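Chemist: Just to be clear, the model below is a prediction. Sequence and coordinates:
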Amino acid sequence: MSSQTKLLLIVIDGVPLRDWRRLFGNLEGWVQTGEAQIWAMRSVLPSVSAPCYASIHTGASPQVHGIHSNEARFRVELPDLFSEITRAGRKTGAVTHSYWSEFFNRFPFDPVRDLEYDEPGGPITHGRFHTMTGYNASNQMTPSDVDLFATLTMLCERFGIDYGILHSCTLDSMGHRFGHDCAEMDHACGVLDGMLAAFLPRWRKAGYEVIVTADHGQTDRGHHGGHEDQQQDFALYYFGSGRPVGESGLLDQLQLAPTILKRLGISIPETMKAAPFLE
Ligand SMILES: [Zn+2]
């Protein structure tokens, strides 16, 4: 029954479509064996992280939700996945950069109050965040992806969350440092693919559908933000029993939020205008 569906959204920051297809051997292997379905998806513009995060969760464009850059942030007022899932009486979890807490719970982020919280009233029922304070191109300040995947697994197994989002900046940071056409990036993508593969069967066995995707692409020079295939386009892998609907071409990032609500059996607010791509 779709009303019992639980789902995890794994957002790997800053990976272009080409690198998903050639470097993530575990995910591609699951596509080959029929465990996963794959689509290409195009980000909103600007193809910048914070605007994309807000669009992933609200289903609205930056021109509507108002997050136009990483620098000008505030609590987004539109309905989003956390607010709608909580309103339906279900539990949400987040293991992400602190921007997600700012956009969908409270701004500004206070590390002592907000790095970890459990708030039954939601909208984020169980939040575990990191700030990457001090980040620059030569000092990534990112947590290990194993720690992030394990934390999400803990939220699933300890609290029984119905929806969980995990977001990792590792590969975006690697891209800003090295670009996407180099041995360092080949290796980093392979490492992350292997770490994710160790957890994915456990999530599936626990009854979760899983979506693995990016927020935007990134160029060989390590850039994103603009209007170009390599800056905007990325893969979306789906593990679950939903059937594809609509055209099979390039998906729009604004379809992601209403698709997740549809899979969870929760009504889609009017502000999410794009069509779900799964039923
Ligand atoms: Zn990003």
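Modeler: Cool, got the structure. Residues are numbered from 1 along each chain as shown.

Chemist: only C-alpha atoms for contact and neighbour calcs from this point on.
Modeler: Will do.

Chemist: And the helices in this structure, which stretches?
Modeler: 17-23, 25-32, 49-58, 62-65, 81-87, 98-104, 111-114, 145-159, 170-178, 183-205, 229-232, 256-264 (DSSP state H).

Chemist: Can you tell me what sits against stretch 258-278?
Modeler: Contact partners of stretch 258-278, identified using Cα atoms under 8 Å, 6 or more residues apart in numbering, comprise 2-7, 58-60, 78-79, 81, 84-85, 88, 242-246, 251, 254-257, 279.

Chemist: which of those are buried?
Modeler: Buried residues within these, defined by neighbour count using 16 or more other Cα atoms under 10 Å: 5-7, 58-60, 78-79, 81, 84-85, 242, 251, 254-257.

Chemist: would you put the C-alpha positions of stretch 223-234 in CSV?
Modeler: The C-alpha atoms that make up stretch 223-234 are tabulated as CSV, following Å, rounded to 0.1, in the frame of the first residue of the first chain:
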residue,chain,number,x,y,z
HIS,A,223,32.3,25.1,-11.7
HIS,A,224,28.5,25.1,-11.5
GLY,A,225,25.8,27.8,-11.3
GLY,A,226,25.1,28.4,-14.9
HIS,A,227,23.1,27.1,-17.9
GLU,A,228,25.0,24.2,-19.4
ASP,A,229,24.5,20.4,-19.5
GLN,A,230,27.5,19.6,-17.4
GLN,A,231,26.6,22.2,-14.7
GLN,A,232,22.9,21.2,-14.6
ASP,A,233,22.4,17.5,-15.5
PHE,A,234,22.9,14.5,-13.2
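
Chemist: Could you list the buried residues of it?
Modeler: Neighbour counts over stretch 223-234 (16+ other Cα under 10 Å) mark 223-225, 229-234 as buried.

Chemist: What count of nearby residues applies to the residue in the stretch 1-150 of the chain that the ion sits nearest to?
Modeler: Nearest residue of the stretch 1-150 of the chain to the ion: Ser49, at 3.4 Å (Cα to the ion). Neighbourhood size, Ser49 [other Cα atoms under 10 Å]: 24.

Chemist: same deal with Asp110?
Modeler: 12.

Chemist: now do Ser144
Modeler: With other Cα under 10 Å as criterion, Ser144 counts 13.

Chemist: That one and Ser61, how far apart?
Modeler: Distance, Ser144 to Ser61, by Cα to Cα, to the nearest Å: 31 Å.

Chemist: Also Leu78?
Modeler: Leu78 sits 11 Å away from Ser61, going by Cα to Cα.
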